[in-house]
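> Predicted model follows, preceded by the sequence.
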Amino acid sequence: AQKVTQAQTEISVVEKEDVTLDCVYETRDTTYYLFWYKQPPSGELVFLIRRNSFDEQNEISGRYSWNFQKSTSSFNFTITASQVVDSAVYFCALSDPTSGTYKYIFGTGTRLKVLA
Amino acid sequence: NAGVTQTPKFRILKIGQSMTLQCTQDMNHNYMYWYRQDPGMGLKLIYYSVGAGITDKGEVPNGYNVSRSTTEDFPLRLELAAPSQTSVYFCASSQTFPPRETQYFGPGTRLLVL
(Lines give C-alpha, C1' and ligand atoms only; values in the text may rest on other atoms or scores of the structure.)
Protein backbone atom coordinates (compact mmCIF):
# COMPACT_ATOMS: atom_id res chain seq x y z
CA ALA A 1 0.00 0.00 0.00
CA GLN A 2 1.07 3.55 -0.57
CA LYS A 3 2.09 5.62 2.40
CA VAL A 4 3.78 8.92 3.15
CA THR A 5 5.51 9.51 6.47
CA GLN A 6 6.49 12.89 7.82
CA ALA A 7 8.00 11.94 11.13
CA GLN A 8 8.67 15.51 12.25
CA THR A 9 5.45 16.81 13.74
CA GLU A 10 6.80 20.25 14.58
CA ILE A 11 10.10 22.03 14.09
CA SER A 12 11.15 25.37 15.54
CA VAL A 13 14.11 27.30 14.20
CA VAL A 14 15.46 30.78 14.60
CA GLU A 15 15.31 33.05 11.60
CA LYS A 16 18.19 32.61 9.12
CA GLU A 17 18.79 29.02 10.17
CA ASP A 18 18.57 26.27 7.56
CA VAL A 19 15.94 23.60 8.11
CA THR A 20 15.17 20.27 6.43
CA LEU A 21 11.76 18.68 6.41
CA ASP A 22 11.78 14.93 5.92
CA CYS A 23 9.44 12.90 3.75
CA VAL A 24 9.62 9.13 3.37
CA TYR A 25 7.25 7.33 1.05
CA GLU A 26 6.22 3.77 0.30
CA THR A 27 4.99 2.48 -3.01
CA ARG A 28 5.39 -0.66 -5.05
CA ASP A 29 5.11 1.19 -8.31
CA THR A 30 7.98 2.36 -10.46
CA THR A 31 6.07 5.32 -11.84
CA TYR A 32 4.81 7.84 -9.34
CA TYR A 33 4.82 11.54 -8.49
CA LEU A 34 5.78 13.34 -5.34
CA PHE A 35 4.60 16.76 -4.21
CA TRP A 36 5.18 19.34 -1.54
CA TYR A 37 2.48 21.77 -0.47
CA LYS A 38 2.65 24.65 1.98
CA GLN A 39 -0.25 25.53 4.26
CA PRO A 40 0.30 28.95 5.85
CA PRO A 41 -1.72 30.10 8.88
CA SER A 42 -4.35 31.48 6.52
CA GLY A 43 -5.23 27.89 5.68
CA GLU A 44 -4.92 27.60 1.91
CA LEU A 45 -2.76 24.96 0.28
CA VAL A 46 0.00 26.30 -1.91
CA PHE A 47 1.69 24.05 -4.44
CA LEU A 48 5.49 24.09 -4.17
CA ILE A 49 6.88 21.31 -6.34
CA ARG A 50 6.08 18.15 -8.29
CA ARG A 51 8.67 15.48 -9.05
CA ASN A 52 8.24 12.28 -11.05
CA SER A 53 9.96 9.05 -10.12
CA PHE A 54 12.25 9.09 -13.13
CA ASP A 55 13.81 12.43 -12.35
CA GLU A 56 16.22 12.23 -9.43
CA GLN A 57 17.88 15.54 -10.02
CA ASN A 58 17.75 17.84 -7.06
CA GLU A 59 15.71 20.97 -7.51
CA ILE A 60 16.47 24.44 -6.26
CA SER A 61 14.10 27.37 -6.28
CA GLY A 62 15.44 30.39 -4.48
CA ARG A 63 15.82 29.46 -0.82
CA TYR A 64 13.98 26.18 -1.35
CA SER A 65 15.63 22.95 -2.42
CA TRP A 66 14.47 19.37 -2.70
CA ASN A 67 16.50 16.19 -2.45
CA PHE A 68 14.89 13.15 -4.07
CA GLN A 69 16.56 9.82 -3.34
CA LYS A 70 14.87 6.68 -4.65
CA SER A 71 17.35 4.45 -2.84
CA THR A 72 16.01 5.61 0.49
CA SER A 73 12.48 6.47 -0.71
CA SER A 74 12.87 10.01 0.51
CA PHE A 75 11.94 13.42 -0.85
CA ASN A 76 13.29 15.93 1.63
CA PHE A 77 12.73 19.67 1.56
CA THR A 78 15.29 22.20 2.74
CA ILE A 79 14.72 25.87 3.40
CA THR A 80 17.92 27.90 3.49
CA ALA A 81 18.13 31.04 5.60
CA SER A 82 14.62 30.58 6.94
CA GLN A 83 12.31 33.55 7.36
CA VAL A 84 9.31 34.17 9.58
CA VAL A 85 7.08 34.00 6.47
CA ASP A 86 8.14 30.38 6.05
CA SER A 87 6.15 29.50 9.16
CA ALA A 88 3.50 27.06 7.96
CA VAL A 89 2.52 23.42 7.83
CA TYR A 90 4.23 21.59 5.00
CA PHE A 91 2.71 18.50 3.42
CA CYS A 92 4.39 15.88 1.31
CA ALA A 93 2.14 13.85 -0.99
CA LEU A 94 2.45 10.83 -3.28
CA SER A 95 0.40 9.89 -6.29
CA ASP A 96 0.51 6.87 -8.52
CA PRO A 97 -0.76 7.51 -12.05
CA THR A 98 -1.24 3.83 -12.78
CA SER A 99 -3.45 2.99 -9.83
CA GLY A 100 -6.64 4.08 -11.55
CA THR A 101 -7.49 6.40 -8.69
CA TYR A 102 -7.23 10.13 -8.59
CA LYS A 103 -6.13 10.67 -5.07
CA TYR A 104 -3.00 11.97 -3.50
CA ILE A 105 -1.69 10.20 -0.41
CA PHE A 106 -0.79 12.96 2.00
CA GLY A 107 1.58 12.83 4.92
CA THR A 108 0.40 14.21 8.23
CA GLY A 109 2.40 17.39 7.76
CA THR A 110 5.25 19.14 9.53
CA ARG A 111 4.55 22.39 11.33
CA LEU A 112 7.48 24.77 10.90
CA LYS A 113 7.82 27.70 13.27
CA VAL A 114 10.43 30.28 12.38
CA LEU A 115 11.17 32.57 15.28
CA ALA A 116 12.38 36.13 14.80
CA ASN B 1 -6.96 35.32 -11.02
CA ALA B 2 -9.64 33.79 -8.79
CA GLY B 3 -8.56 30.15 -9.25
CA VAL B 4 -10.57 27.90 -6.95
CA THR B 5 -13.04 29.62 -4.65
CA GLN B 6 -15.02 28.12 -1.79
CA THR B 7 -17.93 29.37 0.26
CA PRO B 8 -18.60 29.69 3.12
CA LYS B 9 -15.28 30.10 4.90
CA PHE B 10 -16.69 28.93 8.21
CA ARG B 11 -19.93 27.35 9.34
CA ILE B 12 -21.39 25.91 12.52
CA LEU B 13 -24.04 23.22 12.10
CA LYS B 14 -26.21 21.40 14.56
CA ILE B 15 -26.35 17.63 14.44
CA GLY B 16 -28.82 16.50 11.79
CA GLN B 17 -28.77 19.74 9.81
CA SER B 18 -27.83 19.78 6.16
CA MET B 19 -25.76 22.19 4.10
CA THR B 20 -23.97 22.59 0.79
CA LEU B 21 -20.36 23.62 0.48
CA GLN B 22 -19.81 25.54 -2.72
CA CYS B 23 -16.76 25.23 -4.96
CA THR B 24 -16.13 27.12 -8.20
CA GLN B 25 -13.08 27.23 -10.44
CA ASP B 26 -12.46 29.61 -13.32
CA MET B 27 -9.55 27.77 -14.93
CA ASN B 28 -11.71 25.56 -17.15
CA HIS B 29 -10.33 22.49 -15.42
CA ASN B 30 -12.00 19.18 -16.13
CA TYR B 31 -11.06 17.45 -12.89
CA MET B 32 -12.35 18.54 -9.50
CA TYR B 33 -12.00 17.05 -6.02
CA TRP B 34 -13.22 17.37 -2.48
CA TYR B 35 -10.91 16.60 0.43
CA ARG B 36 -11.31 16.81 4.17
CA GLN B 37 -8.52 17.63 6.58
CA ASP B 38 -8.95 16.53 10.16
CA PRO B 39 -6.85 18.18 12.88
CA GLY B 40 -3.21 17.16 12.71
CA MET B 41 -3.80 14.97 9.67
CA GLY B 42 -3.26 15.07 5.96
CA LEU B 43 -6.03 15.34 3.41
CA LYS B 44 -8.38 12.52 2.49
CA LEU B 45 -10.35 12.40 -0.75
CA ILE B 46 -14.14 12.43 -0.39
CA TYR B 47 -15.37 12.62 -4.00
CA TYR B 48 -13.98 13.58 -7.35
CA SER B 49 -15.26 14.42 -10.81
CA VAL B 50 -13.60 13.99 -14.20
CA GLY B 51 -16.02 16.26 -16.00
CA ALA B 52 -19.53 17.65 -16.02
CA GLY B 53 -22.04 14.92 -15.20
CA ILE B 54 -19.43 12.44 -13.94
CA THR B 55 -18.61 11.89 -10.28
CA ASP B 56 -17.11 9.08 -8.24
CA LYS B 57 -16.31 8.19 -4.65
CA GLY B 58 -12.95 8.70 -3.00
CA GLU B 59 -11.66 7.28 0.28
CA VAL B 60 -14.26 8.69 2.68
CA PRO B 61 -17.55 9.33 0.82
CA ASN B 62 -20.02 8.27 3.52
CA GLY B 63 -22.30 11.09 4.64
CA TYR B 64 -21.64 13.23 1.56
CA ASN B 65 -23.04 13.73 -1.90
CA VAL B 66 -21.83 15.70 -4.90
CA SER B 67 -23.04 16.83 -8.28
CA ARG B 68 -21.30 18.32 -11.30
CA SER B 69 -23.72 20.04 -13.63
CA THR B 70 -21.17 22.48 -15.04
CA THR B 71 -17.42 22.49 -15.57
CA GLU B 72 -17.02 25.34 -13.10
CA ASP B 73 -19.02 24.15 -10.09
CA PHE B 74 -18.65 21.13 -7.83
CA PRO B 75 -20.82 21.47 -4.70
CA LEU B 76 -20.53 19.08 -1.74
CA ARG B 77 -23.70 18.23 0.15
CA LEU B 78 -23.94 17.09 3.77
CA GLU B 79 -27.41 15.70 4.38
CA LEU B 80 -27.40 14.81 8.09
CA ALA B 81 -24.49 16.50 9.78
CA ALA B 82 -22.65 14.50 12.43
CA PRO B 83 -19.86 15.56 14.83
CA SER B 84 -17.49 13.28 12.92
CA GLN B 85 -17.84 15.63 9.96
CA THR B 86 -16.21 18.47 11.85
CA SER B 87 -13.25 19.20 9.62
CA VAL B 88 -11.75 21.58 7.11
CA TYR B 89 -12.94 20.90 3.58
CA PHE B 90 -10.82 21.66 0.56
CA CYS B 91 -11.88 21.73 -3.04
CA ALA B 92 -9.26 21.29 -5.75
CA SER B 93 -9.07 21.16 -9.52
CA SER B 94 -6.69 20.10 -12.25
CA GLN B 95 -6.72 20.37 -16.03
CA THR B 96 -6.00 16.77 -16.84
CA PHE B 97 -5.55 13.44 -15.21
CA PRO B 98 -3.44 13.75 -12.10
CA PRO B 99 -0.78 13.57 -11.10
CA ARG B 100 0.76 14.60 -14.38
CA GLU B 101 -1.16 17.79 -13.79
CA THR B 102 -0.90 19.47 -10.41
CA GLN B 103 -4.00 19.92 -8.30
CA TYR B 104 -4.75 23.49 -7.22
CA PHE B 105 -6.62 24.00 -3.98
CA GLY B 106 -9.22 26.45 -2.76
CA PRO B 107 -8.89 28.28 0.58
CA GLY B 108 -10.97 25.74 2.49
CA THR B 109 -14.22 25.72 4.46
CA ARG B 110 -14.03 25.14 8.20
CA LEU B 111 -17.06 23.21 9.44
CA LEU B 112 -17.98 22.64 13.06
CA VAL B 113 -20.82 20.25 13.89
CA LEU B 114 -22.20 20.52 17.42
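Received, thanks.

> Now for residue A:49, how many residues are close by?
Neighbour count for residue A:49, taken as other CB atoms under 10 Å in any protein chain shown: 17. From N, CA and C alone the C-beta is placed, and that goes for glycine too.

> in the sheet, who's paired with it?
On the basis of DSSP bridges, residue A:49 is bridged to residue A:36.

> My guess is it contacts residue A:61. True?
Yes - counting by CB atoms under 8 Å, residue A:49 touches residue A:61, with 7.3 Å between them.

> Pull up the per-residue confidence for the nearest residue in space to residue A:57 that is not next to it in sequence.
Nearest residue to residue A:57, sequence neighbours excluded (CB to CB, 6 or more residues apart in numbering or on different chains): residue A:68, at 7.7 Å. What the model reports as pLDDT for residue A:68 is 94.

> Parallel or antiparallel, which strands does the helix or strand containing residue A:68 pair with?
Using DSSP states H and E, residue A:68 sits in strand A:64-69. Using DSSP bridges, the strands paired with strand A:64-69 are strand A:59-61 (antiparallel), strand A:74-79 (antiparallel).

> most neighbours per residue, which of those?
strand A:74-79 (a mean of 20; mean count of other CB atoms under 10 Å in any protein chain shown).

> Please state the offset of it from the chain centre?
Relative to the chain's own centre, strand A:74-79 is displaced by 6 Å; criterion: CA atoms, centre = their mean, to the nearest Å.

> Could you tell me the average pLDDT over that strand, please?
The model assigns strand A:74-79 a mean pLDDT of 96.

> Show me what residue of chain B gets nearest to chain A.
Closest residue of chain B to chain A, CB to the nearest CB: residue B:42 (2.9 Å).

> wait, isn't that residue in contact with residue A:93?
Yes - using CB under 8 Å, residue B:42 makes contact with residue A:93 at a distance of 7.5 Å.

> who in chain A is up against chain B?
A:4, A:9, A:32-33, A:35, A:37, A:42-47, A:50, A:91, A:93, A:95-97, A:101-109 (CB under 8 Å from any CB of the partner chain).

> if I pick residue 16, what's in contact with it?
All of this is about chain A. Residues near residue A:16 by CB atoms under 8 Å, 6 or more residues apart in numbering or on different chains: A:81, A:82, A:83.

> please go with chain B instead
Neighbour list for residue B:16: B:80, B:81 [criterion: CB under 8 Å, 6+ apart].

> where in the chain is pLDDT low?
No chain specified, so I'll use chain A. A:97-103 (pLDDT under 70).

> I was after chain B.
Applying pLDDT under 70 to chain B flags residues B:1, B:97-101.

> Up against chain A, what does it have?
Within chain B, the positions lying close to chain A (CB under 8 Å from any CB) are B:31, B:33, B:40-45, B:48, B:50, B:58-59, B:88, B:90, B:92, B:97-100, B:102-108, B:110.

> on that earlier part again, intersection of neighbour lists for residue B:42 and residue A:93?
A:4, A:105, A:106, A:107.

> Please report how far the last one lies from residue A:89.
According to CB to CB, to the nearest Å, residue A:107 stands 10 Å off from residue A:89.

> Repeat that for the second one.
With distances taken as CB to CB, residue A:105 is found 17 Å from residue A:89.
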